[in-house]
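> Here you go, sequence then predicted model.
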Amino acid sequence: MAASSSPAILPISKPQSTPASDNQQLSSSSSSSTSPVGAFLSSISDTVRSGLASRRPWPELLDRSAFSKPESLSEATLRFRKNYNYFRINYLVAITAVVAVSLLTNPISLILLTGLLAAWIFLYLFRQSSDPPITAFGRQFSDGETLLFLIFLTVVVIFLTSVGSVLVSALMLA
């Protein structure tokens, strides 16, 4: 019974590694921990990849032999819910494609929405409580005032420019 006479193997909290893997770990951890933008983009990329991996085959969505007239309104509602849950990712991909094409054909709307998105990301999403308040025109603005400004800016961009009509027409087309 040599196994009982040998000392127990204890887990090592920091595994031994080669210098090359240490350099890779340091560069990857420092780039992800110091850049909230990188972490945000990585999170979006992971979400999109996992969503697209769960989409259903397009021929299954477009199969005409699967269409039939429902017997009642309750059956139609049930089939609508099942189809929505089953093909949800496919529907989102189609809607996203139509909205993207609509925005690409209207560059002013695309520029305005990109600017609005950048304002929300840098003035609201990436700000931490430890960051100093925003100062503009010799005045400091609180987080609440910044949020109200972003909401006002969103309303102006969506309703008082062509962006609203482009988005509504794209969503109606989709």
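In hand now; what should we look at? Residues are numbered from 1 along each chain as shown.
> lowest-pLDDT helix or strand in the protein?
Ranking every helix and strand in the chain by mean pLDDT, DSSP states H and E puts helix 19-34 at the bottom, with a mean of 47.
> Next SSE downstream of that one?
helix 36-53 (DSSP states H and E).
> Could you list every helix and strand that that next one packs against?
helix 19-34, helix 73-104 (3 or more Cβ pairs under 8 Å, 6 or more residues apart in numbering; DSSP states H and E). (Glycine included, C-beta is placed from N, CA and C.)
> Buried residues, the helix or strand following the longest one. List them.
The reference is to helix 73-104. As assigned by DSSP H and E, the chain's next helix or strand after helix 73-104 is helix 107-120. Buried residues in helix 107-120, defined by neighbour count with 16 or more other Cβ atoms under 10 Å: Ser109, Leu110, Leu112, Leu113, Leu116, Ala119, Trp120.
> how about those residues in JSON lines, adding distance to Arg88 and pLDDT?
Formatted as JSON lines, those follow (distance: Cβ to Cβ, whole Å; pLDDT from 0 to 100):
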{"residue": "Ser109", "distance to Arg88": "27", "pLDDT": "90"}
{"residue": "Leu110", "distance to Arg88": "26", "pLDDT": "91"}
{"residue": "Leu112", "distance to Arg88": "29", "pLDDT": "92"}
{"residue": "Leu113", "distance to Arg88": "24", "pLDDT": "92"}
{"residue": "Leu116", "distance to Arg88": "27", "pLDDT": "94"}
{"residue": "Ala119", "distance to Arg88": "30", "pLDDT": "93"}
{"residue": "Trp120", "distance to Arg88": "26", "pLDDT": "91"}
